[in-house]
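Participant: can you look at this prediction? I've put the sequence above it.
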Amino acid sequence: MSASLSIRAVDKIYHPRGRSSVHAVNALSMDVGRGEIVALLGSSGCGKTSTLRMVAGFEEVSAGAIALADRRVERLAPAARNVAMAFEGYSLYPPLTVRENIAFALKRGRLSGSDVARRVQQMAALVEIESILDRYPNSISGGQQQRASLARALVRDADLYVLDEPMGQLEPQLRAVLRGRLKRLLKDRAMTSIFVTHDQTEANALADRIAVMEGGVLQQFANQHDLKERPANLYVATFIGEPPMNVFDAAVVRTGDRTTFELDHGPSFGFGDNEFGPEVRQAIGNRRKIVIGVRPHRVALGGGCGETARVVSNQWLGDQSHVAMAVAGKLMVVVSHVRVRATIGESVPYGVRAQDLHLFDPQTTLALAHGVRAA
Amino acid sequence: MAQIEVRNLRKSFKDDAVLKGLSLNVDKGEIVALFGPSGTGKTVLLRLLAGVYAPDGGTIDLRGRDASGTPPEKRGIGMAFQNFALFPHMTARDNIASALTARKADAAEIARKVDAVARLLKISHVLNHSPRELSNGQKQRTALARALVAEPDILLLDDPLRNVDAKLRYEMRLELPALLKRAGSTVLYVTQDFKEAMALGDRIAVLLDGEIAQCDTPARIYAEPASIGVARLFGDPTLNLVEVEPRMVDGVPEILVGGALIRLPASYAAAAGGNYMLGLRPESLHLVDGAPPGTIAVDLVAVTPLNEKSVLLFTMEDGNELLASEAGDREVPRCTGPSRLALDLDAVLLFDRACGRRFIPADNMGARL
């Protein structure tokens, strides 16, 4: 049975020789529930891999505590933590066959030979490597090595499963199916898991919650719905989502019972007090400048919407249209799962509804309101 | 009129036949995306067009004239290749301008053009850097800028966005077509990304096994792929494939999918008695309530969100797996377990299991002939 994971005020500071020190992970605190799947997501150098390696025991913490259930582990050697890890660099033992590599992880347990064989077979089927079980690591492809490494981590019973870019090398066709099978396995057996990825598609597909990191700092730790609908700040808003949120600088103008956002060198979006509740007006306060955001899937295209904009590009990808419009000297991207027929150069009506608007403070970059609720 | 006309082009390296009689036309002002898996010879074709390699057989006409014997520098082709090929001792600005200075253009005019193209490709801030100070994505865009600034009438681009980070790559994907159209160039654009091919190409030429497997508009290639090989290259996730043997029951063609009998439109009658692979795009499968006839009994294994879609993994009664996807705003069940799937008969694809070619239903035949 897996355990919960608790990370408390963890720091990682590297001191490279002859250069100034690097604060790779800064005061990180987060809790992962028993049986929960969590992704550490961010661009390269954001601190996600350092975090993962500290949890698994391959890096020492500079400060802070890591616990599995009630057991403090941050000073323990990797082998003493009861953590199963799949490395991005595969790290299979070259003199052992794939089968022996996977079974090796079970050797210390008290399983019978037939139980070991059954478990290896089951995991090999899940990641589709049954046909190469008796081959050696150097004779199989990178994608197969990655799957073998994943099987080796998942086959044993551990308090925590730590996966480093678990599907980075796999071809897209296999990836979609493997994601589904892996998620089912982790959920069925309530295996507490934490994995690193730079690919938000991967994070969304597998994780219950996603920890977005940047500059060594945890930006937001939430489920994917909240990351999209309630991003904590402009970094998260413009990082999450494919494509990410459209954001524009705007001036706030208050007249009578209306609040209007005037985009710099662009259109204005006005909302009556019946659309925007007092909560949002209070969040705006007496700010003169604001950043407004709207997600590409929420821009309404078509008749009677108010503003019009010139279409710069319109691309149909088989199951969705991506339309870019020139708005305030930038592009506003619109995504529709119904095919959009607009031609390039054409002016199309569009609108942004109050419930789809996100407001941010331009100085702090923190979110002020999402739709009709304060942040 | 075809600006690029390739007939029966063959090229081998030692015993490895890369191009096996490839034919392709690109019209004036058209953007054709040359798309296929890695190692299929896309770059080889570009190099043959540029004159870097000589073909073993076949002809290349550029602007209606046979190009054989014309050296690369006299072909009047703009190129941006994957290895960047920037001059290491020059700044990014001078690298881009080198395409113009060779023609003795006016200095102010050159500066204006370089600034304009740099702004479009978002490298204005690094124009004074030397290539070794640029990231790979910036090098790539500098090479692209150098190819674009001279406004060549034929432009060959070899995966120019390959090293660009995802966010910028997406923006460039939106903006590049307009940029290329404004220049009026005839473009052959190599990519390994199906979304990029669909977004950028007026037409997509799918290169498989040394030949063009299909060359058509993005929408047609997606909806009416010529073969199973072409179909599998498009879609995220890609299409499901199920072996079927259509047969006639009471005058209606029927197939058995995961234990469910599914009646196909009458236009599939000629497929009866053959061995086919049924291709189902994930977005053409839908969860249904109850158990209406012609729906497939499935077990929902997992829901894995993908961008604004939800991807659902099912197992059918025969143990085979199916992937379905639902667009973001649709309600998707969160609980796994038994359910039923209906398939959108308009989106059904049948492929001959022996040769891989798509079966063309009878009602489409008339339109084709």
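Facilitator: Cool, the structure landed.

Participant: for the rest of this, base every contact and every neighbour count on C-alpha atoms.
Facilitator: Noted.

Participant: the nearest residue to B:Arg357 once chain neighbours are set aside: neighbour count?
Facilitator: Spatial nearest neighbour of B:Arg357, chain neighbours left out: B:Ser227 (4.2 Å); criterion: C-alpha to C-alpha, 6 or more residues apart in numbering or on different chains. Applying other C-alpha atoms under 10 Å in any protein chain shown, we find 20 residues neighbouring B:Ser227.

Participant: same check, this time on A:Asp208
Facilitator: 17.

Participant: below-threshold pLDDT in the stretch 251-369 of chain B: ranges please.
Facilitator: Along the stretch 251-369 of chain B, the parts satisfying pLDDT under 70 run over B:328-334, B:364-369.

Participant: that one: strands as residue ranges?
Facilitator: With strands called from DSSP state E, counting those that start in this stretch, the stretch 251-369 of chain B shows them at B:252-257, B:260-263, B:276-280, B:285-288, B:296-306, B:309-316, B:321-327, B:337-343, B:349-352.

Participant: show me what contacts whichever residue of the stretch 51-200 of chain B sits closest to chain A?
Facilitator: Closest to chain A within the stretch 51-200 of chain B is B:Ala199: 4.9 Å, counting by C-alpha to the nearest C-alpha. Contact analysis of B:Ala199 by C-alpha atoms under 8 Å, 6 or more residues apart in numbering or on different chains lists A:315-317, B:173-174.

Participant: looking at those, which one is closest to B:Phe314?
Facilitator: Comparing the contacts of B:Ala199 against B:Phe314 with C-alpha to C-alpha places A:Leu317 closest, at 24.4 Å.

Participant: how near is that closest one to chain B?
Facilitator: 6 Å (C-alpha to the nearest C-alpha, to the nearest Å).

Participant: hmm, B:Ala197 and that residue touching each other?
Facilitator: No: with contact defined as C-alpha atoms under 8 Å, A:Leu317 does not reach B:Ala197; the gap is 9.1 Å.

Participant: tell me the buried residues in stretch B:109-128?
Facilitator: B:110, B:113-115, B:117-118, B:121, B:123-124, B:126-127 (16 or more other C-alpha atoms under 10 Å in any protein chain shown).

Participant: and what of stretch B:15-23?
Facilitator: Residues B:18-23 are the ones in stretch B:15-23 that count as buried (16+ other C-alpha under 10 Å).

Participant: wait, what's in contact with B:Thr101?
Facilitator: Here B:Thr101 is in contact with B:Ile110 (criterion: C-alpha under 8 Å, 6+ apart).

Participant: and chain A, which of the buried residues of stretch B:15-23 contact it?
Facilitator: Filtering these for proximity to chain A by C-alpha under 8 Å from any C-alpha of the partner chain leaves nothing.

Participant: okay if I get these as a markdown table plus pLDDT?
Facilitator: Shown next, in a markdown table, are the buried residues of stretch B:15-23 (pLDDT from 0 to 100):
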| residue | pLDDT |
| --- | --- |
| B:Val18 | 93 |
| B:Leu19 | 95 |
| B:Lys20 | 94 |
| B:Gly21 | 95 |
| B:Leu22 | 96 |
| B:Ser23 | 97 |
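
Participant: got a markdown table for those, with secondary structure and distance to A:Val177 too?
Facilitator: Below are these laid out as a markdown table (DSSP: H, G, I helix; E, B strand; the rest coil; distance: C-alpha to C-alpha, whole Å):
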| residue | secondary structure | distance to A:Val177 |
| --- | --- | --- |
| B:Val18 | strand | 32 |
| B:Leu19 | strand | 33 |
| B:Lys20 | strand | 34 |
| B:Gly21 | strand | 36 |
| B:Leu22 | strand | 35 |
| B:Ser23 | strand | 36 |
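
Participant: among these, which two are most distant?
Facilitator: B:Val18 and B:Ser23 (13.6 Å).

Participant: overlap of the contact sets of those two?
Facilitator: What both B:Val18 and B:Ser23 touch, as defined by C-alpha under 8 Å, 6+ apart, is an empty set.

Participant: rewinding a little: which of the contacts of B:Ala199 fall in strands?
Facilitator: With DSSP state E as the criterion, strands contain A:315-316 from among the contacts of B:Ala199.

Participant: picking that back up, mark which of the buried residues of stretch B:109-128 are part of helices, please.
Facilitator: Per DSSP state H, helices hold the following members of the buried residues of stretch B:109-128: B:110, B:113-115, B:117-118.

Participant: so which residues of the stretch 201-350 of chain A form helices?
Facilitator: A:224-229, A:234-239, A:278-284 (DSSP state H, counting those that start in this stretch).

Participant: residue contacts, residue 56?
Facilitator: Reading this off chain A. Going by C-alpha under 8 Å, 6+ apart, A:Ala56 touches A:78, A:81, A:83-85, A:162.

Participant: try chain B instead
Facilitator: B:9-12.

Participant: if we can go back for a sec, name the nearest of the ones in helices among the buried residues of stretch B:109-128 relative to A:Ala65.
Facilitator: A:Ala65 lies nearest to B:Ala118 out of those, by C-alpha to C-alpha, at 48.7 Å.

Participant: can I see the domain layout of chain A?
Facilitator: A:5-232, A:246-374 (automatic domain parsing).

Participant: most remote residue from the middle of the chain, which is it?
Facilitator: All of this is about chain A. If you look at how far each residue of chain A sits from its centre, by C-alpha atoms, centre = their mean, the farthest one is A:Gly256, at 42.0 Å.

Participant: oops, wrong one, chain B.
Facilitator: Largest centroid distance in chain B under C-alpha atoms, centre = their mean is B:Asp250 at 41.2 Å.

Participant: which positions in chain B make contact with chain A?
Facilitator: B:167, B:170, B:174-175, B:177-178, B:195, B:198-200, B:218-219, B:222-223, B:235-238, B:283, B:301-308, B:312-313, B:323, B:327.

Participant: report whether the helix or strand encompassing A:Phe195 contacts chain B.
Facilitator: For A:Phe195, the host element (DSSP states H and E) is strand A:193-197. No: Strand A:193-197 is not in contact with chain B by C-alpha under 8 Å from any C-alpha; minimum separation 14.0 Å.

Participant: by contact count, what packs against that strand?
Facilitator: strand A:37-41, helix A:48-56, strand A:160-164 (3 or more C-alpha pairs under 8 Å, 6 or more residues apart in numbering or on different chains; DSSP states H and E).

Participant: strand partners of that strand, parallel vs antiparallel please.
Facilitator: Its sheet considered, strand A:193-197 pairs with strand A:37-41 (parallel), strand A:160-164 (parallel) by DSSP bridges.
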